[in-house]
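>>> from the sequence below, what's the structure:
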Amino acid sequence: MDSTLTRTNLDYYDDMLKLKSIAILVSFSKGDDGRLALILDSTIFHPQGGGQPADTGFITIATADSNFKFIVQDVRSKDGIVYHYGVIEEDSGCDLQVELQNGREVLLHVDESRRKLYSRLHSAGHLLDGCMQNVGLGHLEPGKGYHFPDGPFVEYKGTIPQNELQSKQKELEVEANALISRGGEVSAAVLPYEDASILCGGSLPDYIPEGSSPRILKLGNLPGCPCGGTHVSNISEIMSMKISRIRTKKGMTKVFYTVGS
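Residues are numbered from 1 along each chain as shown. A predicted model of the protein is given here:
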């Protein structure tokens, strides 16, 4: 990481519903594939990570005399720096050194439909963790989640007997939709380690360093969990959930799901 760069402030940490914001351009570069990478002092774009896809959208210059429009195709984070990758809309050979001067104010616009879909899928994955406990599968330890539209799932350490898979699949789906129907506020906050531990049922995963201040997601009355993604504001916004399949193999269980439209 360039030692002159400071960590990008993640505005969506404080407001997951924010779709427009103002930021300051820190630097830009051009890759071999022709795409630009913009670095800003802050962003509302969620970078791909934690099983959640990157937001898309566009960035413009905050002055009336500029027609510059940068289409954000991908967003990634490395060493605390967020890189916005994309192309200039209808590139007419504009002078990048003029348009993209360091310190220039820019306007960020996140694609609303994608953000809402990704937030619903991610929230549903965490809701599933609570459902697992409620149907007697709380002994299975949550692992990675994949919350992309092409086949979302949550993976758990441990197995379910083959003769129980079908019944547990039905139980999970009934429980998930019951929780969605009841609804409940969803919030996320950066908390001191001890407070975060209490909110998460008395302990935090080993990958959270002691003494750190993790961001904790809380869905209704379910136990909290560490998460850096974006989510719905109320459980009811998930709309509905279908458990499409459960697969248990080699000491691991994968629960595949979809959300209603």
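>>> measure residue 198 to residue 129 for me?
For residue 198, the distance to residue 129 equals 18 Å [CB to CB, to the nearest Å]. Where C-beta positions appear, they are placed from N, C-alpha and C, glycine not excepted.
>>> who has more neighbours, these two?
residue 129 (20 against 15; other CB atoms under 10 Å).
>>> list phi and psi for that one.
phi -60, psi -40 (degrees, to the nearest 10).
>>> got it, and residue 27?
Per-residue torsions, residue 27: phi -170, psi 170 (degrees, to the nearest 10).
>>> I figured it hits residue 39, correct?
Yes: taking CB atoms under 8 Å as the definition, residue 27 is a contact partner of residue 39 at 4.9 Å.
>>> domain map for the protein?
Domain segmentation of the chain under the TED database yields 9-110, 115-259.
>>> weakest of the ones you listed by average pLDDT?
Among the domains of the chain, domain 9-110 carries the lowest mean pLDDT, at a mean of 90.
>>> beta partners for the nearest residue to residue 49 once chain neighbours are set aside?
Once flanking residues are discounted, residue 49 sits nearest to residue 77: 6.3 Å by CB to CB, 6 or more residues apart in numbering. On the basis of DSSP bridges, residue 77 is bridged to residue 82.
>>> and residue 258, by the same measure?
Counting by DSSP bridges, the residues bridging with residue 258 are residue 242.
>>> my guess is it meets residue 238, correct?
No: the criterion here is CB under 8 Å, and residue 258 misses it with residue 238 at 10.8 Å.
>>> neighbour count: these two, which is higher?
Between residue 258 and residue 238, counting by other CB under 10 Å, residue 238 is the more crowded of the two (25 against 15).
>>> on that earlier part again, between residue 27 and residue 39, which contacts overlap?
Counting by CB atoms under 8 Å, 6 or more residues apart in numbering, the shared contacts of residue 27 and residue 39 are residue 5.
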